[in-house]
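**Q** show me how the following folds:
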Amino acid sequence: MLTGGFFFADHLKVHEGFRIYNTWMGDPTKLLLLEQALKVYKKDGLLERAKVNGQEFQKKLAAFQKEHPSLVRNARGLGFFAAVDFENTEIRDKFVHQALQFGLHCGGCGERSLRIRPSLVFDKKHLDLTFELLEKTAKALETSSSS
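**A** Residues are numbered from 1 along each chain as shown. This next block holds a predicted model:
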């Protein structure tokens with residue numbers, strides 16, 4: 001499904017009507033976009049694929065935490081919506097930086113969490129690669145902290 005969000009503050013409020021369209025204002029282009037997205041979801045079986053791969057993702061995430069208990073804690077999530085915590089912001093930021101260096105796109109969230117939000121086209125090969133890169137990153141950090 002399409003997910004998204006926005007930041008809002010009073011000074012950002014639009015005072016002119018219909019300057020920014022959204023579905024409740026009846027912007028037909030958003031409905032066309034949604035219609036095409038739903039067709040692709042059904043045609044490619046993306047929700048079914050996400051359900052199966054998401055369950056495997058959560059198993060691997062729990063195993064990753066078990067393998068690296070001094071580094072990663074509080075693995076959680078549902079399907080592909082997942083996060084883990086680190087002891088502090090500094091360690092989390094080092095992990096994110098190193099993961100990006102290895103080619104894994106991920107990001108920090110809050111004070112010490114790493115969030116992982118792959119797209120619905122995420123498949124078994126992506127799952128394996130993700131956890132290969134997470135392992136590589138964890139080992140690199142554990143090696144550098146022990147030296």
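**Q** what about residue 36, how many neighbours?
**A** Counted with other CB atoms under 10 Å, the neighbours of residue 36 add up to 10. In this view, the C-beta of every residue, glycine as well, is placed from N, C-alpha and C.
**Q** next helix or strand past the helix or strand harbouring it?
**A** Residue 36 is part of helix 28-43, with elements assigned from DSSP states H and E. Sequence order places helix 46-67 as the next helix or strand after helix 28-43, per DSSP H and E.
**Q** could you count how many residues lie near residue 31?
**A** Counted with other CB under 10 Å, residue 31 comes out at 11.
**Q** about what we covered before: buried stuff in the helix holding residue 36?
**A** residue 41 (16 or more other CB atoms under 10 Å).
**Q** please put the alpha-carbon coordinates of that helix into PDB.
**A** Only the C-alpha atoms of helix 28-43 are listed here, as PDB (Å, rounded to 0.1, in the frame of the first residue of the first chain):
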ATOM      1  CA  PRO A  28      -8.600  12.900  -9.800                       C
ATOM      2  CA  THR A  29      -4.900  12.300 -10.600                       C
ATOM      3  CA  LYS A  30      -4.500  10.800  -7.100                       C
ATOM      4  CA  LEU A  31      -7.300   8.300  -7.800                       C
ATOM      5  CA  LEU A  32      -5.700   7.400 -11.100                       C
ATOM      6  CA  LEU A  33      -2.400   6.800  -9.400                       C
ATOM      7  CA  LEU A  34      -4.000   4.600  -6.700                       C
ATOM      8  CA  GLU A  35      -5.900   2.700  -9.400                       C
ATOM      9  CA  GLN A  36      -2.700   1.800 -11.200                       C
ATOM     10  CA  ALA A  37      -0.900   1.000  -8.000                       C
ATOM     11  CA  LEU A  38      -3.700  -1.500  -7.000                       C
ATOM     12  CA  LYS A  39      -3.500  -3.100 -10.500                       C
ATOM     13  CA  VAL A  40       0.200  -3.700 -10.100                       C
ATOM     14  CA  TYR A  41      -0.300  -5.000  -6.500                       C
ATOM     15  CA  LYS A  42      -2.800  -7.600  -7.800                       C
ATOM     16  CA  LYS A  43      -1.000  -8.500 -11.100                       C
END
